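A.B. asks: let's see this in three dimensions:
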Amino acid sequence: MNPATPSLTTPPQSTLDQWRKNFLDLNSQKLASAREQLSPRQQAVLDALPVLLHCNGSRLPGYVAPDTPCGIVGFTPTLEHHSAVHQFARGVQIPRDPGPRVIEGIYLMGSLGSIAQSRNSDLDVWLCHDELLTDVQIEALQEKCTRIEKWADGLGTEVHFFLMNLRDFRDGQSRSADGEDCGSSQHLLLLDEFYRSALWVAGKMPRWWLIPEEYEYRADSYWAELTAQHKIGVSDWLDVGSLPTIPAGEFVGAGLW
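C.D. replies: Next up is the predicted model:
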């Protein structure tokens, strides 16, 4: 270790547990606020989305093929999820085991849950997938998402999926995040927007919530220390990226873009 680098001090388990609870409580409040401005049909579509992404069923909206990548890490459909799906596919049996789970996190982005939300707000969904998926697998998953988008549109709900390889995103390649090539000019601003406004729907939670501000610039080392001390379940958390600072040049670059 560099003598000039201060040692890492991790918080007690009770503090980490409280931070996790704070995240879940805030997310629950924001999600409830977002749902209040959605119609009953839009709410049902939102509730059905995790199941449609979690399973491959020939009678489920979005079905492509039995081997299409699916499965959300740590997700188990609730009675509310089942009820929402059965509004659109009565009597369908939801598979108990989707097989390999390649979807690591589902998040809503944009105005939902904020003062900017309106009846016309669409559902922008970040689908964070396994970084090791092949191009063929990603293409199949994208087709599944496209079919779900078309199905939702027929029900008066505008949904847009953005497939996220977080390894590329952490490297600053944000093209997949908004569908346009803005290079790295907005990467940190987009990450800042994610941490301020994203709504967690299913899968892994953002590890950013367990990293104190003073350790943001050493996030990987801090996380490694938490892991070494067995204070966190690694499979529960997603590395979307760290945000120690936003250079002034990024604001200028984003403005020019």
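A.B. asks: who's in contact with W19?
C.D. replies: For W19, the contact set (Cβ atoms under 8 Å, 6 or more residues apart in numbering) comprises W209, L210. For glycine as for every other residue, the C-beta is placed from the backbone atoms N, C-alpha and C.
A.B. asks: where does it land on pLDDT?
C.D. replies: Model confidence at W19, given as pLDDT, is 96.
A.B. asks: try D171
C.D. replies: Value listed for D171 in the pLDDT field: 79.
A.B. asks: same thing with Y215?
C.D. replies: 90.
A.B. asks: just the one 3 residues further on next, same as before
C.D. replies: In the predicted model, R218 carries a pLDDT score of 90.
A.B. asks: so the spatially closest residue to it that is not a sequence neighbour, which of the three states?
C.D. replies: In space, and not counting its chain neighbours, R218 is closest to L8: 7.1 Å by Cβ to Cβ, 6 or more residues apart in numbering. The three-state assignment at L8 reads coil, by DSSP: H, G, I helix; E, B strand; the rest coil.
A.B. asks: hang on, isn't L8 packed against A219?
C.D. replies: No - counting by Cβ atoms under 8 Å, L8 does not reach A219; the two are 10.8 Å apart.
A.B. asks: who has more neighbours, the two?
C.D. replies: Neighbour count, other Cβ atoms under 10 Å: between L8 and A219, A219 has more, with 19 against 14.
A.B. asks: which of the helices or strands spans that one?
C.D. replies: Following DSSP states H and E, one finds A219 within helix 219-228.
A.B. asks: what pairs with the helix or strand just after that helix, and is each one parallel or antiparallel?
C.D. replies: The helix or strand immediately downstream of helix 219-228 is strand 237-238, counting by DSSP H and E. Using DSSP bridges, strand 237-238 pairs in its sheet with strand 205-206 (parallel).
A.B. asks: how many neighbouring residues does L38 have?
C.D. replies: 18.
A.B. asks: quick one: pLDDT of it?
C.D. replies: pLDDT, L38: 87.
A.B. asks: with R90 instead?
C.D. replies: So R90 comes in at 83 (pLDDT).
A.B. asks: check E180 too.
C.D. replies: Confidence score, pLDDT, at E180: 45.
A.B. asks: and what of L243?
C.D. replies: Taking L243 on its own, its pLDDT is 71.
A.B. asks: could you find the closest non-adjacent residue to E104?
C.D. replies: Using Cβ to Cβ, 6+ apart, the closest residue to E104 is C128 (4.8 Å).
A.B. asks: so that neighbour, which of the three states?
C.D. replies: Applying three-state DSSP: C128 is strand.
A.B. asks: next one: stretch 135-150 to chain centre, how far?
C.D. replies: In terms of Cα atoms, centre = their mean, to the nearest Å, the centre of stretch 135-150 is set 17 Å apart from its chain centre.
A.B. asks: check contacts around the residue nearest to R147 when sequence neighbours are not counted.
C.D. replies: Spatial nearest neighbour of R147, excluding adjacent residues (Cβ to Cβ, 6+ apart): G62 at 4.5 Å. For G62, the contact set (Cβ under 8 Å, 6+ apart) comprises L52, L53, K144, C145, R147, I148, W151.
A.B. asks: doesn't the third one belong to a helix?
C.D. replies: Yes - read with three-state DSSP, K144 is one of the residues of a helix.
A.B. asks: for it, give me its contacts.
C.D. replies: L53, G62, Y63, V64, T68, P69, C70.
A.B. asks: how close does it get to A65?
C.D. replies: According to Cβ to Cβ, to the nearest Å, K144 and A65 sit 9 Å apart.
A.B. asks: among the contacts of G62, name the buried ones.
C.D. replies: Buried residues within the contacts of G62, defined by neighbour count using 16 or more other Cβ atoms under 10 Å: L52, L53, K144, C145, R147, I148, W151.
A.B. asks: turn these into a markdown table, including secondary structure.
C.D. replies: Formatted as a markdown table, those follow (three-state DSSP):
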| residue | secondary structure |
| --- | --- |
| L52 | helix |
| L53 | helix |
| K144 | helix |
| C145 | helix |
| R147 | helix |
| I148 | helix |
| W151 | helix |
